[in-house]
Each structure stands twice: as C-alpha cells, then as structure tokens.
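Undergrad: give me coordinates for this.
(chains A and B)
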Amino acid sequence: MILSGSKVIDADRQTVWSALNDAEILKRCIPGCQEMTGNADDGFEAVVTQKIGPVKATFRGSVAISDVVPAQSYRIAGEGKGGAAGFAKGAATVTLEDDPEGTLLTYDVEARVGGKLASLGGRIITGVARKLADRFFENFQQALAPEEKEAEEERAEG
Amino acid sequence: MPADGGIGASTRRREDVRFLTGKGQYTDDINIRGQAYVHFLRSDIAHGKINNIDISDAENMPGVIRIFTSKDFEGVGGVPCGWQVTDRFGQPMQEPKHPVLAEGKVRHVGEPIAAVVAETREQARDAAEAIIVDIEDLPAVIDMKAALADGATKVHDDLTSNLCFDWGFVEENREAVDEAIRNAHHVTTLELKNNRLVANPMEPRVAIGDYDAARDEHTLYTTSQNPHVIRLLMGAFVLGIPENKLRVIAPDVGGGFGTKIFHYQEEAFCTFAAKAVNRPVKWTSSRSEAFISDAHGRDHVTKIELALDENGKFLAVRTDTYANMGAYLSTFAPSVPTWLHGTLMAGNYTTPLVYVNVKAVFTNTVPVDAYRGAGRPEATFQLERVIDKAARELGIDPIELRRRNFIQPDQFPYATPVALEYDTGNYQATMDKLVEIADIKGFAARKAESESRGKKRGLGIAHYIEACGIAPSNLVGQLGARAGLYESATVRVTATGSIAVMTGSHSHGQGHETTFPQVVAEMIGIDPGQVDIVHGDTSKVPMGMGTYGSRSIAVGGSAIVRATEKIIAKAKKIAAHLLEASDEDIELKDGQFTVKGTDKSVAWGDVCLAAYVPHNYPLEDLEPGLEETAFYDPANFVYPAGAYACEVEVDPETGKVEIMSFCAADDFGNIINPMIVEGQVHGGLAQGIGQALLEHCVYDENGQLVSGSYMDYAMPRADDLPSFTTDTSCQTPCTHNPLGVKGCGEAGAIGAPPAVVNAVVDALYDMGVTHIDMPLSPSRVWSAIQAAK
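TA: Here you go, the predicted structure:
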C-alpha cells in the first residue's frame, strides 16, 4: 500500500521538526499509541493499539529514523508485531518546506500488513491508513497550536 | 418407486435424524479424558528464512506442556505425495520435502512453524504469541509465469527451478496437432483463468491424537474422507508406526469437497505429540486457519485452441496450461492438472487429435489439490467455452455445433485420442432432454421481455463428460499413482438376520447410510432397516480407499454387491441343506429361499439362525457363520455426462448477474436413490455457480491472502441461486459395474461454470464482450462492458 499526501501545519519549520523528533508529542499524536519511549538518535519503542476492519490488535515494535537532514526531511520506518493478528510494517519519507501559513509537510508512506490483518483487513487497509494519517495530523496540529484549537471550540460552542 | 425402499426408492436419509437433532458425532465433539490442546504458530509471511526460533519465554507461560519445532521432527518423514507424474521428457516431477513443521524456511502464509501443547486452548494460543521467530523476508513468488522466468526466486532452494513438471499429453500427437491447427479452415483461440478456490466445508478440520502407552497403540481421530489412506501414508511414510499399532477414525464429517482427502501435517503432529507428551492432543482449526491451511482448488491459467473444418467439425484441440501447485505437493496434487484433466479434453466429441501441455509451478501459496471435480471442471470449462466462442465466430448455433461433433450413440464403446474408453453414453438424448426442459424455443420471447425492462438476457449451454468412479488400479499405477483404487466391503449377517456392512467408502454428506442398505435390501429382499452401514474406522473396516472422484456407489457399492453375492451363495447352500434340495435349485426372492418349482421354502431369518446355531447344518462342507468380504477393482472409469442450460439477466448499468433459470439433464446410468442424486446435483450446481459468480481466492503480490474470511471470500447463498430444474431420465447404464451406475457427486460443479459464463457472454455479445474471467462479479462484468465500448 502506498499513500502520499501533504498538510500545512500552523507552526514554523523548526517547531515542526522538533515535534517530529519528540517521543512525547509523537505518542500524543499517533492514533492508539499507548507507549512511546526512546529518542530520534537511538530509535523509539512503541506500543500502539489499532483496529483494522474487524481486527483489534496491540502492536509492539520499534521505530527507526534515518536519512536525517535537520529541519528538512527524514525517513521514519517501523515494524510492529500484533501477535495472532499478524504484523504491520511501513516507512515514510517526511519533508518540510516553508509555507506562508506555516510549514508544508509532505509524506510518502509505504506500508504492508501480514497474517490475519491482511486476510481480514487487506482490502480496506488503504482507507484505514488514510484515516489514521488524517487523525495524526489533526492531533499534530493540536499539539503544536492548542490555543487556536480551543478558540475554535469556543466559536463552535458560541 | 418400489414400496420396499430398495433400488430406485427416494428413501429419506436416515443419517439426517441425528444430524438434524444435534446428535451427530463430529471429531470436535470427541473429548478424551486428560486431553491437551495444540495451537500452531503459523507463518504470517509468504517466504522467509528462519534464522532462529526462541521458545524460552513461551515455555514458561502458564499451562504450557511442551513446545515443538522442526528440531523435534528430525528423523521424521515429510508428508508424502501420493502421485508421481513423469514429464514429457521422461523425467520424474520435482518433489520437495513437505515437513510437519517448517524447516529452515517458511514457504506460504499459514505454514506451521511451531506448535504449543498446553492445558487449554487459550493457554496454547497465548504461549504461541510469546514465541519469538527471527525470520528474514525473502521475495515471494506468486505469479506462475513470473515463477518460471530466468532468475526467479526459488520456492525450494534444493530444486532446479519452480517448475514441478512440464507434462505433455498425448506427446506423440504433438506435431500432428500443430499441423492440423496450421492447416485448419478456422481456429478459435481463448485465453482464460480457472479461478483459485477455497473448499470451505462447513466443518473445519480437527485432529485428536491419542496414545496408549501400555499397549503401544496410537489412535487418530480426524476429519478425513479416507481414514485408511491416512493410516497408510502417516504410518508408513511420516511417523513409522506399523499399521497394526495405528487406528484412524473419521467419524461424522461435515463435508469434504476434496480438501479432506489429503494427509495433513496437523494429523501427523497430533499423533506424534500424543506419544511425546503422553496425553491426548487435540487441534481444532478455526475458520481463519482453514483458509490458510486447507488445500485450495483449481488455479489454472490456460490458452486453448480449437481447429475446425468448413462444416464445423472439430479437427484438433491444443491447450497450454499453467497449474499452481502452491508451495508443496499435497497428496494428490500432481494428478489433478494431468491425468484427471488432460484425459477429458476430448469431451463428448469426436475430435481426433488432442495435445495438452501442463506446466505445474511451485509458488509461495497454500498447496493446491483436488476440489469437487478435480481437473475435470478445468477441462470442461476450457472446452465448453472455446466451443461456444467458435460457434459465435462461425455463426453456428452453439447447440447445433455440439450436436455435429458429438460421439454418436452407436459409436460406443468409444476410444478417445486421450486414452479413455467411454463405455456408454447418449449425448444427443441428454441434449434433446435439455432443449425440452429448458424451453430453448421460448428463449427469444423471454429475451425480448427482459430487454423491455432494460436487462440483457443470455442463454448458456454446456455439455460435460467426466471420468469418475476412480479408478482401475493397474491403469492408475501406470500413470503414477502410488496407491490402488479398489474398494472393500464386508457384509456381516447376524444370527437373527440383520446385517452390518463395513465399507471403505466414507460418507461425509453423501448419504451412504441410506443408499447402501437399499442395495443390500434389494438383493436379498429384506427391509433396508435390517441393514446398517459401518464406515470411517480402520479397526472395523478391512481396508478402504475412501470417498472422492464420485466413486462411492460405482466402486464401494460394487464391492458391497460382490460381498452380498457371496453371502447369498452361501445362504443358498444352507437353505438347500434345510430344504433337502440341491443348491442350484434354490431361488431367493423377497427374503424367502424356495426350491424351484415347489412351494417348499425357508425364510432369510431361519437360514441366518442356522448359520450361527448350526444344529442342523452341513458342517462337513460348510463353515458356520455368515460373513463375507469382497474387494472390487473397477475395470474402467464410469462416464456420466449431461447437458446444462443457464439463463441469466445482466444489468448493463451495474454488471450484476442474476441467474433466472438453471436446467440440468444428466445421465448417471442407473440410480439407487433419486432424491439423494438430485441433492448431489443441487449441491454441485451451487458450488459451480459459486465458482462462476462469486468465489475467488486472492493473494497480493507479497503472498498475503487477502480473501481470508467470508467478508472477502463470497460463498454462494440461497438467494444467489435459482430453483434448479433437474432431470435424470436419460440413462445409459454403465456396462462394467454390477449396478450399472455412474457417479453423480461432482457433475454439477463440472458442468455449471461454463454454462454460466456462456450465458453471460451470450447476454453481452452484441455489446462486444467475448470473454470474462471468473468470478463474474458485478465489477468485472461492468468493466468488461466498458472495455468493449
């Protein structure tokens, strides 16, 4: 499965870059992330609970960062084992560019699932991945600019 | 219909009383005191090198008794293949080892890597999750043609390539066929795929191993179509257990459709582990596991060419097929695309020249083997599709083109150019019957009516023949079978005249417990209720080659006839003694032995009593008791044939196909129980229509099975099917078995797919559609319509 997209984040490039290397922020942004430890240099360890189609599984795995060009781009690759549910593995190339409204983040993701995940959810995996990517960036935006989020909510309530 | 429930009576199935009231005894219903449970850790990648298996954490999990890997099976044989095909250069096929647990490499998603035996099923599963397997991904080989390309990754490193064999048949005809095709007035060519299927019997596979250390005896309970074959293969080739120390029981089995013929690793594992841990060991497959561990069916890619003369007479058929074997050779896998397929390429027709080339290919997928029809549906599909295409190209009515080429009724016995000799048949008669029951004349009006509603209506015809009643042992031995294909029966009469028939045929839905007593009761003239069938236990039945290839009544039934004939011969001698007459003067009718031309008679029950209470008995000439065994080896295959018509409506906007009617005129020879035969035809048609419209087993390019559940693998449901019209009145009895019977179990699955596809192509032909590969899902049909625009 291949997934590409881009998103304008309302924050400057250095802020976005730091957040992309911050275990705590990544944990808050990755949908279903239970634990995230480690750092960008040595790699992260993650525990993520995710539902794909009818299969709900907890994936344990490692995430490694490579090809780093500071404040500009990196490649993030991970592999998670979901026990009886099978496995998910993937890698994303993330590129940052200045944008009048903040920072333009572009990503190209290549992902594979195997085992029961593939046999039960293989055909819906692209839709699920797109939804997860959208949620990640929603969360990411919120993590970087929480005030605006609250203001929006106030407006909505008003 | 005879009132006595003998041959020809539509007796209700007696086994249904227990099946319908929840009293069936399936393998999973069996629980042995002290049993432990096994969970198999299966590969979730298609191809990889196993660097290490770390069981240290898992071993200490609660309830774990022992964890097995391939190291525990050193010195244990692989699961054997029961058929050796010789390629067209005279070399034996490439035959890789098929280990019980993966050795060094995994070669398909679902291959067992390790097995955890624990106190409970849940504990076994939990511990399996704690096993750490270090596997290095290797490129998966999925597409058959890519698998044969130079430099392709090899599924088996110790083989020279992924080619299992390159088979040619009839090899001597190769050049003559090429020449006939070069010089023909017209050649129709069709490239097609026979879609890969998952058998999906209602009951998933189950195995329980039990070991009696005091007696050094093994028992395996298993969901098998042929327990004796499992005993032989597993005892002799895998585990080295003498047959007298190994009992295999296949109790009630909930459907097989071929996939329960084969000997599987799980059976060998449970038998082996029961001794190793000294506990009964039980495995019950989940449905998800069944998708990735039961042998799959079909999966052929074929190019067929049909050469015709200016009158539409068939001159030659040439085919080029790639047959997927999967990662390992399942028990009968090599026979399916070869001897069960190439020999049927003459069909019902007088085509003088046939050449079939089959390349069998290893891929990183589940092994592929026999599935209802096994090779014969693949043959029939190609042939009946290419004939239909030729008829359209030449502007000849498809029924007329078939009629012009039929083997005529006076040509039997008919030797085909592909090694078979059809003993009987009357294809004009079945086609006549079809034209009548399908109201072919009224089709134009029905089509016009459909058009008025914006629907495209199509009529599809197919005429199949199959070779079943498998098979003459000496013949299949020459063709590479590593087994004989006779059947045995023991008829045991009690002192009070009731009868137990021990048969090597196994019933897993076929209704043997009803049909076989009808035969015995008819021969003796007693009530069928006095006759019971015993099957599925190697300790009770002398020998059995099992149930597949529509062989039960033709081979197993014939063995019962032969054993019953011996019983009658002996009973007549006893009756002659009691009546003080000569053997030759004794007649048996309606359960009474009578001295010819007199009113002196003695009843069946009195003769049986005399056999076991031999006070007045010819002890000097005759042993007491009344029990006889017969082995029957058929002289030939049997050749059922039939004409099928399918009418469809296609919605040109959505591509949705609806089957409006399906008519089947079959010739099964003599029929023992018409109701059961009709049921077999219905079931076969449902599976054939399932293949044509719905079912498709799909791997992605990495070898992941993406149709691994009923969300993505569409089984036929009642509302996908019309009310079938069936007819079995055309009967040309088999000439070489005592009942004159042919098989009926696979017919529907063989004849239905081409009828359905021909119908859809007929409906869309004026839009430019000439072929669509199965399954004809709405998206495929819609896409074909768009592509033709």
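
Undergrad: where does pLDDT dip in the chain?
TA: Just so you know, I chose chain A. For chain A, the stretches with pLDDT under 70 are A:146-158.

Undergrad: please go with chain B instead
TA: Using pLDDT under 70, chain B drops low at B:1-4.

Undergrad: tell me which residue of it lies closest to chain A.
TA: B:Gly708 (2.2 Å; C-beta to the nearest C-beta). No exception for glycine: its C-beta is placed from N, CA and C like everyone else's.

Undergrad: that residue against A:Gly121, yeah?
TA: No. Judged on C-beta atoms under 8 Å, B:Gly708 makes no contact with A:Gly121 at a distance of 9.5 Å.

Undergrad: which of the two has more neighbours?
TA: B:Gly708 (29 against 25; other C-beta atoms under 10 Å in any protein chain shown).

Undergrad: so which residue of chain A comes closest to chain B?
TA: A:Ser119 (2.2 Å).

Undergrad: so for the longest strand seen in chain A, what gets flagged as buried?
TA: Assignment by DSSP state E gives strand A:55-69 as the longest strand of chain A. For strand A:55-69, burial by neighbour count (16 or more other C-beta atoms under 10 Å in any protein chain shown) applies to A:Val55, A:Ala57, A:Phe59, A:Gly61, A:Val63, A:Ile65.

Undergrad: what's that strand packed up against?
TA: strand A:43-52, strand A:73-81, strand A:87-99, helix A:116-121 (3 or more C-beta pairs under 8 Å, 6 or more residues apart in numbering or on different chains; DSSP states H and E).

Undergrad: now the longest one: buried residues?
TA: Along strand A:87-99, these residues count as buried under the neighbour rule (16+ other C-beta under 10 Å): A:Phe87, A:Ala88, A:Lys89, A:Gly90, A:Ala91, A:Ala92, A:Thr93, A:Val94, A:Leu96.

Undergrad: quickly list what the fifth one is bridged to.
TA: Bridge pairing for A:Ala91 (DSSP bridges) gives the partners A:Ala77, A:Glu110.

Undergrad: measure how buried the spatially closest residue to B:Pro251 that is not a sequence neighbour is and give me the count.
TA: Leaving out its chain neighbours, the residue that sits closest to B:Pro251 by C-beta to C-beta, 6 or more residues apart in numbering or on different chains is B:Gln25, at 5.1 Å. By the criterion of other C-beta under 10 Å, B:Gln25 has 10 neighbours.

Undergrad: list the contacts of B:Gln25.
TA: B:Arg18, B:Pro251, B:Asp252 (C-beta atoms under 8 Å, 6 or more residues apart in numbering or on different chains).

Undergrad: A:Ala84: what secondary structure?
TA: What DSSP: H, G, I helix; E, B strand; the rest coil gives for A:Ala84 is helix.

Undergrad: next one: phi and psi at the closest residue to it other than its chain neighbours?
TA: Nearest residue to A:Ala84, sequence neighbours excluded (C-beta to C-beta, 6+ apart): B:Glu129, at 6.0 Å. Main-chain torsions, B:Glu129, degrees, to the nearest 10: phi -70, psi -20.

Undergrad: ditto for the one 5 residues further on
TA: Torsion angles at B:Asp134 (phi, psi; degrees, to the nearest 10) stand at phi -100, psi 110.

Undergrad: based on its surroundings, how many neighbours for it?
TA: There are 11 residues near B:Asp134, going by other C-beta under 10 Å.

Undergrad: repeat that for B:Phe412.
TA: 16.

Undergrad: tell me the contacts of it?
TA: With C-beta under 8 Å, 6+ apart, B:Phe412 has these contacts: B:Tyr422, B:Asp423, B:Thr424, B:Gly425, B:Thr732.

Undergrad: now distance to B:Trp83 too, for the helices and strands packed on strand A:55-69, in a markdown table please.
TA: Formatted as a markdown table, the helices and strands packed on strand A:55-69 follow (distance: least, C-beta to C-beta, whole Å):
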| stretch | distance to B:Trp83 |
| --- | --- |
| strand A:43-52 | 41 |
| strand A:73-81 | 39 |
| strand A:87-99 | 36 |
| helix A:116-121 | 30 |
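
Undergrad: if we can go back for a sec, ok, and what's touching the longest strand of chain A?
TA: For strand A:55-69, contacts defined as C-beta under 8 Å, 6+ apart pick out A:21, A:34, A:38, A:40-41, A:43-50, A:73-88, A:93, A:116-117, A:120-121.

Undergrad: neighbours of B:Glu620, how many?
TA: B:Glu620 has 5 nearby residues by other C-beta under 10 Å.

Undergrad: and it, how far from B:His577?
TA: For B:Glu620, the distance to B:His577 equals 11 Å [C-beta to C-beta, to the nearest Å].

Undergrad: returning to that earlier point: residues in contact with the residue of chain B closest to chain A?
TA: B:Gly708 sits in contact with A:Lys116, A:Ala118, A:Ser119, A:Leu120, A:Gly122, B:Ser288, B:Phe291, B:Ile292, where contact means C-beta under 8 Å, 6+ apart.

Undergrad: and those, which is closest to B:Glu119?
TA: Comparing those against B:Glu119 with C-beta to C-beta places B:Ser288 closest, at 23.0 Å.

Undergrad: check which helix or strand covers that closest one.
TA: helix B:287-293 (DSSP states H and E).

Undergrad: buried residues in that helix?
TA: For helix B:287-293, by 16+ other C-beta under 10 Å, it's B:Ser288, B:Glu289, B:Ala290, B:Phe291, B:Ile292, B:Ser293.

Undergrad: could you do stretch A:31-50 as well?
TA: Neighbour-count burial for stretch A:31-50, counted by 16+ other C-beta under 10 Å, picks out A:Pro31, A:Cys33, A:Met36, A:Ala40, A:Gly43, A:Phe44, A:Ala46, A:Val47, A:Val48, A:Gln50.
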